[in-house]
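A.B. asks: Task: produce atomic coordinates for the following.
(2 chains)
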Amino acid sequence: MNRFAIADCTSVDAALSQLKDGAVVKAGGVDLLDRMKDGIEQPEKLVNIRNISGLRGIHETDQGLTIGPLTTLAEISDHPLIRSHYQILSDACGHAATPHIRNMATVGGNLLQRVQCWYYRSSDFQCIRKGKDLCFAFEGLNQYHAIMEYATCPSVAPSSAAVALLGLNASVELSAAKRGKRTVGIRELYVVPDANPTKFTVIEPDDLLTAIVIPKPAAGTRSAYQKYGEKESFDWAIADAGVVLEMDGGICRRAVITMGAASPVVRRATQAEAALAGKPITEETARAAGQVAVQGAQPLSMNSYKLDLFPVAVYRTILYAAGQRDRDPGAAG
Amino acid sequence: MNNRVVEDALLQQSAVAPTKKTVQMPIGVPGYTLTEESREVPVTEPPVWPINKDLKYVGQSVERYDGQAKVSGRARYTSDVQLPGMLYAKFVNAPMPHAKVVSIDTSAAEKYPGVRGVHVIQHVLGNAVLRNPALDAVKYPVVRYAGQPVAAVAATTPAAAEEAAALVKVRYEAIPFVVDEIKARATDAPKVFPGAADEEGSAGGGGGPSDVRQTGNIHGPSIHRHGEIAQGFKDADVVVEGRYVTQVQTHSALETHGVVADWKPELLTVWASTQGTASVREELAGFFKIPLTQVRVITEFMGGGFGAKFGAGNPGVVAAALSNKTGAPVRLMLDREEEHLSVGNRPSSDQTLRIGAKQDGTITAIHLVAYGTAGCGTGAGCSGPASNLYKTAALHTEESDVFINAGPASAMRAPGHPQGAFALEQTIDELAVKLNMEPIDLRDKTDEHPVRRVERQVVRDSDLWKSRNPVAGASQGPVKRGVGMAQSVWYRFVSMSSSAEVRIYKDGSLEVLSAVQDIGSGVKTVMAQILAEQFGVPPAQIAVKVGDTHYPEGPNSGGSMTTLSLTPAVRDAAWQASQMFLSDIAPALGTTSDDLVLVDGEVRSRSGKFAPISFRRAAAKMATSQIAVQAKRIPDYDPKKYLTYGGIDVAEVEVDTELGRIHVRRVLSVHDCGRPMNPAQVISQINGGIIQGISYTLLENRLLDPIYGLMVNPDLEQYKIIGAREIPDIDVRLVEAYIGQSSTDASGIGEAAGVVSIGAAIGNAVYNAIGVRIRQTPMTPAVVLAALRAPAPGKELA
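C.D. replies: Numbers count the residues shown, from 1 in each chain, chains lettered A, B, ... in the order given. Modelled structure (predicted):
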């Protein structure tokens, strides 16, 4: 790890004024310190926002929820309102990583973590995401990589919270000293590598993520998230699914189905959503939706097994969201 | 006594006193086969212990001697050692898998603030060594794997050492490499070594044969046979054959390799995370050509080794060299990446196993052809189970090491046996299916080991085995349940370099000392139990001093040797010290020693000459300040008998056929280890073996990028290692198996403990669940789904 200066800030304004000359925001420090220890980033200055109390907490509003970005994953997953009305988010945050990490990691940091591709994470491989022109995964070891939408880089979206928040149609508030505040949808937060491989998110160096805003779900909404790994304990997803069902009696009026481990940024499986709309939730309709969730997927040399996993993750999570099935004991986290 | 008296006594002894006595010893398994056999033993041996239920401290689950120190953080491990003026060292490692080192420029690193010394490695340890070293006639060791240490820097802080290490300029000339073991077998593959090369095993085993030919990267085959293999298959009614492939596993001990070396003119002191204080001392003395008396090795606490921590290795030698150069103590602890890359692993295997049998289950032929890679080392042989578990008319094994440009293997918990048993025990299971026999019945027919026969009965009587549906793939729904069993074998190795000293102090305190290291298996506790049994005081009152070569020699802890080698020496010393003690105090108590007995913390008179007095008050009557007796291991009482032991593991799995996920729900583990000295600690070893074995079977995999030859998962995140949720309910049934071999009659457990057989037990359980055999590890969802998709019976290698 390189030597660096650290500025401890206790207010948003103080933090914003420090965000210049290559300074990097440190919240929980979980992912950032990994990247620094692995030698893939060498910031000269860190701006520690961990002690800005105004950025932590869960607030109910008329429009829905506002979550401070420094709220920990454990706080979110344990929150009674989130458990009762935003189960997809409680599931995603409550099964991320390990209990230790969930107590330390912030939801803002979780959304902004970098991809876990082992070539990206190794200082031995100078890949396209680090400004060079090669991707090593296409010809190399790619069993955990993407099966769709990966022309430039087949790393997969790492944040379970993002899969859940995309399902909830959430957005984030970004603040900058010069530009003031702006709001960006979760999907628009992420830059696809095909557009700009080194950018990852639309966040500029002087931006601070200051809030996560979740609209109030329609009446009759049920939701859930599950991820599957090679392990059940603290593993990255090899397949995952977020499901939000707007129910009208026994009929699904509208469904949102999201995936993380299939593509470089979180995506909605719109064909699967369409397959459920206007239908009752049964094992048959859920399985049919799962099948079309991977339509158009193009596996790499080592990950065709994901074509089997995603339909299962999707159908089982639909049934779980609908209350027709328990959380899968084989799901990770 | 003056010398004259001693000589007279010795003369007298040799003239008249018998040197041997005949004793009756318990033999067999209580409740099943317990009987007695006679043994001729030296007269100096203590009385024969009865079976465990009739002992007070030995054979009981006495609390771990250092458990509280460990869980409270008081225990001082090697990386906790802090010495005044200590420097921190960091390796410079090769970034490519195969290269000549053209030049090394250390000038920038040497000038870096805080740097006190830079060492350029001239002899790299661990790799196989060319039979003709002239073939490598170069200034610096050839880089044979990415991560091979090239140099090291010592500085006043870890950060300065790391930063300066990056300033060492090494010019490499890349050489073509190969990291795929199948490609490495091709005649036109890049050669890892320019000629034949061999790796010696360590004190913990491993290493390969050095008397075999080498063709390209293929070192071998090493061939063993008895009987006529062709005739054996001719005599067979049925033949089963399969190809089994297992991956490379790294040891991944919680504590990485490392030392603190403090080289003073009169003495080199080294704190080491090691399984063998003796092995570290020997390697350092040999490497630096200094007498053993000038090297002291200390291991107070040890955070796991699993076979990879013998000798000083590159970290020990380099830290000592840097300490010598700088005149300051030097700490060199590896990081996790270095731990994966450069200090050992369990070799892979690619086995084709063929077994022929008669309709009644009699095995007529076992034929194994095995390849495996130990990286740039050797030791991938895996024929142990095929050669030692079952009776066969004919046996033919052919094993070859395949060199690739990866870190050298080292001994790892039961070297070769998890691999070998994975193939053998699944093939036996397949044979049972083909013969339409119960797996236990087939083994009763072919396995003559008397203790495993008892263990099979325990399995047969268990609820878990009774719940097994003999029809494979019979459960309904996508999640299918299965139960399978497999057997293990390990060997009785005795280290004669095992001594202990027992001291009785005049204040009544008791102490036992040995250079042996407690690597977590609990030998400290067992030593205390033995003294407690002998002196009649609670184990917590015994001071145990181990892990220091200043103490009497101790065995290296490999091959499951520690407890069975050392405890007889401890007991002999304790017994002899207790006899001297009683003789010493008898006159002051107005009696003779044979009237005295040590029991319940008291000294009592058998004839009632005096009221019982406490051990402490009795000790105050000693004529001198202490009584000390050192005893050395004597050979096994009957070294031709009971050479192997083992156990049986039964796994219950659930296979989610839609996800390809295998979940191990329950394990029944039935094992023997002679006299279990401390059942809780033995069970702990078996729990650990099962957990490590499940991790190996389902998850762990060292992944090397095929194009660049670098490990892509050198961490504990993408190198998937078992977590709490994968750990099943483990039910251990210890089988006490008395074999009449020593004054404690202990055997080992570390290797036989589950790790050998659990992989095959899982494989057999998966077959029972889904009717498809998985012949490859790790059994990831990708592998299971592929096998489910294309199950060509007998050949469905995913």
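A.B. asks: Enumerate the residues of chain A near chain B.
C.D. replies: A:1, A:3, A:116, A:118-119, A:122, A:124-125, A:136, A:139-141, A:143-144, A:228, A:230-236, A:238, A:302-303, A:305, A:308-309, A:312, A:329-330 (C-beta under 8 Å from any C-beta of the partner chain). Backbone N, C-alpha and C define where each C-beta goes, glycine included.
A.B. asks: Just the ones in helices from these, please.
C.D. replies: Using DSSP state H, the subset of the residues of chain A next to chain B located in helices is A:Asp308, A:Leu309, A:Val312.
A.B. asks: Quick one: residues contacting the second one.
C.D. replies: Under the criterion of C-beta atoms under 8 Å, 6 or more residues apart in numbering or on different chains, the contact list for A:Leu309 reads A:Tyr228, A:Ile238, A:Ala239, B:Leu659, B:Gly660, B:Pro781.
A.B. asks: if you set the cut-off to 6 Å instead, what comes out?
C.D. replies: Residues in contact with A:Leu309, defined by C-beta atoms under 6 Å, 6 or more residues apart in numbering or on different chains, are A:Ala239.
A.B. asks: Could you turn the buried ones of the residues of chain A next to chain B into a PyMOL selection?
C.D. replies: Selecting the buried subset of the residues of chain A next to chain B in PyMOL, with 16 or more other C-beta atoms under 10 Å in any protein chain shown as the burial test, is done by:
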select buried, chain A and resi 116+118+119+122+124+125+136+140+141+143+144+228+230+231+232+233+234+235+236+238+303+305+308+309+312+330
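A.B. asks: where along the stretch 151-300 of chain A do the helices fall?
C.D. replies: Per DSSP state H, counting those that start in this stretch, the stretch 151-300 of chain A carries helices over the ranges A:160-167, A:186-189, A:270-276, A:283-293.
A.B. asks: Need the ones in helices among the residues of chain A next to chain B in a markdown table (columns: pLDDT and distance to A:Cys252).
C.D. replies: Listed next are these as a markdown table, based on pLDDT from 0 to 100; distance: C-beta to C-beta, whole Å:
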| residue | pLDDT | distance to A:Cys252 |
| --- | --- | --- |
| A:Asp308 | 97 | 24 |
| A:Leu309 | 98 | 23 |
| A:Val312 | 98 | 19 |
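A.B. asks: near chain A, which residues of chain B show up?
C.D. replies: Neighbours of chain A within chain B, by C-beta under 6 Å from any C-beta of the partner chain: B:656, B:658-659, B:661, B:703, B:705, B:707, B:710, B:712-713, B:718, B:720, B:723-726, B:780-782, B:785.
A.B. asks: Residue in the stretch 1-150 of chain A with the shortest distance to chain B?
C.D. replies: Nearest to chain B, among the residues of the stretch 1-150 of chain A, is A:Trp118, at 4.1 Å (C-beta to the nearest C-beta).
A.B. asks: How about the contacts made by the residue in the stretch 101-250 of chain A that chain B sits nearest to?
C.D. replies: Nearest residue of the stretch 101-250 of chain A to chain B (C-beta to the nearest C-beta) works out as A:Ser233 at 2.4 Å. A:Ser233 makes contacts with B:Gly723, B:Ala724, B:Arg725, as judged by C-beta under 6 Å, 6+ apart.
A.B. asks: Buried ones among those?
C.D. replies: Buried members of the contacts of A:Ser233, counted by 16+ other C-beta under 10 Å: B:Gly723.
A.B. asks: what's the closest of the contacts of A:Ser233 to chain A?
C.D. replies: Lowest distance from chain A to these (C-beta to the nearest C-beta) belongs to B:Gly723, with 2.4 Å.
A.B. asks: The closest one - nearest residue in space that isn't next to it in sequence?
C.D. replies: Leaving aside its sequence neighbours, B:Gly723 sits nearest to A:Ser233 (C-beta to C-beta, 6 or more residues apart in numbering or on different chains; 2.4 Å).
A.B. asks: and the nearest residue to B:Pro158 once chain neighbours are set aside, what does it touch?
C.D. replies: Excluding the flanking residues, the one nearest B:Pro158 by C-beta to C-beta, 6+ apart is B:Tyr88, at 4.4 Å. When contacts are counted by C-beta under 6 Å, 6+ apart, B:Tyr88 touches B:Pro158, B:Ala161, B:Arg331.
A.B. asks: re the thing from before, now, the residues of chain A next to chain B that are in strands?
C.D. replies: Counting by DSSP state E, the residues of chain A next to chain B place A:Tyr228 in strands.
A.B. asks: in chain A, which ranges drop under the pLDDT threshold?
C.D. replies: Scanning chain A for pLDDT under 70 picks out no residues.
A.B. asks: Would you map the strands across it?
C.D. replies: A:5-8, A:24-26, A:45-48, A:58-60, A:64-67, A:171-176, A:180-185, A:207-215, A:221-228, A:239-248, A:251-259, A:267-268, A:279-280.
A.B. asks: mind giving me TSV with the ones you listed and columns for distance to B:Ala128?
C.D. replies: Converted to TSV, those look like this (distance: least, C-beta to C-beta, whole Å):
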stretch	distance to B:Ala128
strand A:5-8	47
strand A:24-26	46
strand A:45-48	46
strand A:58-60	60
strand A:64-67	57
strand A:171-176	56
strand A:180-185	57
strand A:207-215	53
strand A:221-228	41
strand A:239-248	42
strand A:251-259	47
strand A:267-268	49
strand A:279-280	65
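A.B. asks: which one of the ones in helices among the residues of chain A next to chain B is nearest A:Val47?
C.D. replies: Ranked by distance to A:Val47 (C-beta to C-beta), these are led by A:Leu309 at 39.4 Å.
A.B. asks: how close does the residue lying closest to B:Lys56 once chain neighbours are set aside sit to chain A?
C.D. replies: Among residues not flanking B:Lys56 along the chain, B:Glu533 sits closest, at 6.2 Å (C-beta to C-beta, 6+ apart). Applying C-beta to the nearest C-beta, to the nearest Å, the value for B:Glu533 to chain A is 41 Å.
A.B. asks: okay, now B:Glu533: neighbour count?
C.D. replies: By other C-beta atoms under 10 Å in any protein chain shown, the residues close to B:Glu533 number 22.
A.B. asks: Could you look up the SS state of the nearest residue to B:Ala151 once chain neighbours are set aside?
C.D. replies: Spatial nearest neighbour of B:Ala151, chain neighbours left out: B:Val92 (4.3 Å); criterion: C-beta to C-beta, 6+ apart. Under DSSP: H, G, I helix; E, B strand; the rest coil, B:Val92 falls in the strand class.
A.B. asks: Could you give the number of residues near B:Val92?
C.D. replies: Residues near B:Val92, counting by other C-beta under 10 Å, number 24.
A.B. asks: ok, the residue of the stretch 101-250 of chain A closest to chain B to A:Lys199 distance?
C.D. replies: 33 Å (C-beta to C-beta, to the nearest Å).
A.B. asks: returning to what we had before: buried only: go through the contacts of B:Tyr88 for me.
C.D. replies: The neighbour count (16+ other C-beta under 10 Å) marks B:Ala161, B:Arg331 as buried among those.
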